[in-house]
Structure formats: structure tokens, C-alpha cells
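>>> Predicted model, plus sequence, below.
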Amino acid sequence: GYCNCVIAMFSSGPKKSAAALASAFLLLWMPSSSSLAASWEKVPAAAEIQWRGSLAPRSGPTAAADGAGTTWLFGGYAEPAGKPRAVVNDLMRYSLASGWELLHEPISLNIGDTERVPGPRLASACAIIGGELLLFGGWDPQTPGTGGIILDDMWALNLASQSWSRLDARMPCGPTSRHVCSNVGGTVVVHTFRCSHSVLVWDPTSRALVEQPTTGIAPSSRGLHVGVAADEKTLIIFGGAAKDGSMCSDAFALDTTTWTWRRLAADNDAPR
């Protein structure tokens, strides 16, 4: 089933303060019917919850909701007040009953750890299916000024045991970041800047992503866009940015029964 709520964390750019980031968690309630009515409700920010230690505000994590409406959030930039930001690999969970929980603290990886837990990253993508959170690629900035590395590894988190396993398969076509991923009616679909004539689909038998050819009017090459399941068979793609930095304002729908794209009419021409 589909979750009827979504957690959003907003950032208006690099000058936004850590305190502002920490208070920018919102909950969007969406009715399960076909109505378009929705309403926002502020929830306690992660940084306002007391744990064994303090948790810094962040930007650039990836998150997915399970069928019970629990949101699982991984990684991103941790941005403590008055200190340099750092990319992390911690795991958090949010539910209406328990609020925010820190499940895995950030760790520095030693030799061998890269086979046990995912390394620090942001701009990755994930989806939940079959009791697992699947994590695909991302970007590790590493030492400032180096440009870091784009990642091609794939991981599975067992939600019951909260244990990670590294998958043997890699991202098809090479390292990828700033992509999107969504569970569309039981089919996990990944869209990247390379997806001009195909998308990537999770194959549970081979436990790998495979290329699925598409037809119709597809989105132009882009990253930093959003992708969401509109129903049991439709993936919606909106916005993003091309490699040259130009922003997009268009939206597209992919029918996952025919694998055909169509462009949607937009009422707002402002790119984002």
C-alpha cells in the first residue's frame, strides 16, 4: 500500500542557518482518495530530539516511506552550527507514534567496513519494497576541493533487523548521483540523467537494476529532479537541472504497464 503522508525538509541554499534547517521538517497529509486537497503540519525537528548526543541539521539526505507510513532517512550533509559541514552515513526513522529515532550513528569507515555499511554520501536515491530499503549510488564529496567521487554501489537495508548488506550488482551504465527512485505499484523505478530512452527497474530475482526501454516523449537529461508514484502504474517526474545548470519546469508521466512517457501540461513556468 501507499503512505498517505510525506516528510519534507527544506533548504533555501548554502546561507540558510543550521537552526533554520533544524526547524524545517514538515508533514504533508494527503487523503487516500483521488482528491487533490492536502495540508501541511509542522512536526518536531530531528535536532530538537534528545539522544545520546546532539544530531546536526542536514541537507541532501535520501528518504522513503514504508507501507505503515514510517519514513526512513539516510545520510546527507550534517551541518552543525558554527562547524564545517560533513557528509554522513547515519540512519534515522520517523513515525507519528515515536517521532524521530536515531537508529545508526554516523561512523568513519575503516578497511573492511565498506562491505558492512554504506559509506557517507548525499544526492543518492532509495525506495522500500519487500521489507527492504534499497539504496542506489550517490556522491561522496570527500576532501573539500577534490570534487569527491560519484558512487555506483547498491545496498539493501533489512527494515526488521536494521542491518545493511552490500549488493553484488552495480549501477548500470556507471556511477550515478542526483537521480530519483520510487516504488510504483510494487515496481521500483530509477530515473537518472542517462534515461533518455529507458529507465532502470529493480529485478528482485537477480537483485540488480536492469534497463527497461521506454517510448514516448521522455524528460530531457537532468538531475536534482523529483519522482513520485501517482498511482499503482504511474511515475511522475518534475523539474531538475541539466548538466549545464539550466533549470527545468516541465513534468512527465511514465506508464509502467506500457513504459510510455507523456508530457504533462504545467500551470507554472517557473523552473525549480
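Looks like it arrived, so ask away.
>>> Near C126, how many other residues are there?
26 (other Cβ atoms under 10 Å). C-beta: built from backbone N, CA, C; applies to glycine.
>>> For it, list the residues it contacts.
Applying Cβ atoms under 8 Å, 6 or more residues apart in numbering to C126 gives the contacts 62-64, 72, 74, 133-136, 181.
>>> tell me which element it is part of?
Using DSSP states H and E, C126 sits in strand 125-129.
>>> Work out the sheet partners of that strand and label each with its direction, please.
Using DSSP bridges, strand 125-129 pairs in its sheet with strand 132-140 (antiparallel).
>>> Beyond the partner strand, next helix or strand please.
Next along the chain from strand 132-140, counting by DSSP H and E, comes strand 149-158.
>>> immediately after that following strand, which helix or strand?
Downstream of strand 149-158, the first helix or strand assigned by DSSP H and E is strand 163-166.
>>> How far off centre is that next one?
18 Å (Cα atoms, centre = their mean, to the nearest Å).
>>> same question, stretch 127-134
For stretch 127-134, the distance to the chain centre is 12 Å (Cα atoms, centre = their mean).
>>> just stretch 158-171 next, same as before
In terms of Cα atoms, centre = their mean, the centre of stretch 158-171 is found 16 Å from the chain centre.
>>> buried residues in it?
Buried positions in stretch 158-171, judged by neighbour count with 16 or more other Cβ atoms under 10 Å: 159, 164, 167, 170-171.
>>> Give me the contact list for that stretch.
66, 72, 91, 103-104, 114-118, 128, 131-133, 136-137, 151-157, 200, 206-209.
>>> Distance across it, terminal residue to terminal residue?
Stretch 158-171 has an end-to-end distance of 20 Å (criterion: Cα to Cα, to the nearest Å).
>>> low-confidence ranges in this structure?
Applying pLDDT under 70 to the chain flags residues 1-36, 44-55, 109-114, 266-272.
>>> re the thing from before, next, the angle strand 149-158 makes with the strand holding C126.
20 degrees (axes from the mean of the first three to the mean of the last three Cα atoms, to 10 degrees).
>>> start at 570 instead
Sure thing, new numbering starts at 570, so read that last one as strand 694-698.
>>> List the buried residues for strand 694-698?
Burial within strand 694-698, assessed by neighbour count using 16+ other Cβ under 10 Å, is assigned to 694-698.
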